[in-house]
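Novice: would you be able to build a 3D model of this:
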Amino acid sequence: QVQLVESGGGLVQAGGSLRLSCAASGRTFSRYAMGWFRQAPGKEREFAAAISWSGITYYADSVKGRFTISRDNVKSTVYLQMNSLKPEDTAVYYCAARSNPLYSVNSYDYDYWGQGTQVTVSS
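Specialist: Purely as a prediction, here's the structure:
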């Protein structure tokens, strides 16, 4: 079992930055691929960014060049640095862990989910 706890959400003005953190329990964090997904009101959950066990990253086109995903296997934590935020980035952001070293853009490939953290970007 893996438990995920997100933090770092909040209210920010357009153009600002936030860094989300996701702390994972368990001793095999380094073997998991990790992902960040987001869900805006009235919309389906969508992929934002993912990172493999070896550090290979992949981004949705909507966040590429503005968001950076990284991981610290010693601290069992994955991060999402979000820069140049836009009002359309407003959503609940979820951290997810996949029992597979390779990342995926599909939410159904992930086995564990955090409770989510709200990010609100004002215009």
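Novice: just the strands from this protein, written as ranges.
Specialist: For the chain, the strands defined by DSSP state E occupy 4-7, 10-13, 18-24, 33-39, 46-51, 57-59, 67-72, 77-82, 91-98, 112-113, 117-122.
Novice: what distance do you get for residue 58 to residue 10?
Specialist: 26 Å (Cβ to Cβ, to the nearest Å). From N, CA and C alone the C-beta is placed, and that goes for glycine too.
Novice: burial of the closest residue to residue 79 other than its chain neighbours, as a residue count?
Specialist: Excluding its sequence neighbours, the residue lying closest to residue 79 (Cβ to Cβ, 6 or more residues apart in numbering) is residue 70, at 4.9 Å. Residue 70 is flanked by 15 other residues according to other Cβ atoms under 10 Å.
Novice: can you check residue 84 too?
Specialist: 13.
Novice: quick revisit: between residue 58 and residue 10, who's got more neighbours?
Specialist: Counted by other Cβ under 10 Å, residue 58 and residue 10 do not tie: residue 58 has more neighbours, with 16 against 13.
Novice: if we can go back for a sec, I'd say the residue nearest to residue 79 and residue 56 touch.
Specialist: No: with contact defined as Cβ atoms under 8 Å, residue 70 does not count as touching residue 56 (11.7 Å).
Novice: tell me what residue 120 is bridged to.
Specialist: Counting by DSSP bridges, residue 120 forms beta bridges with residue 11.
Novice: that one: what's it in contact with?
Specialist: Applying Cβ atoms under 8 Å, 6 or more residues apart in numbering to residue 120 gives the contacts 10, 11, 12, 90.
Novice: could you point out which of the residues you listed is nearest to residue 24?
Specialist: Among the contacts of residue 120, residue 10 lies closest to residue 24 (Cβ to Cβ), at 21.3 Å.
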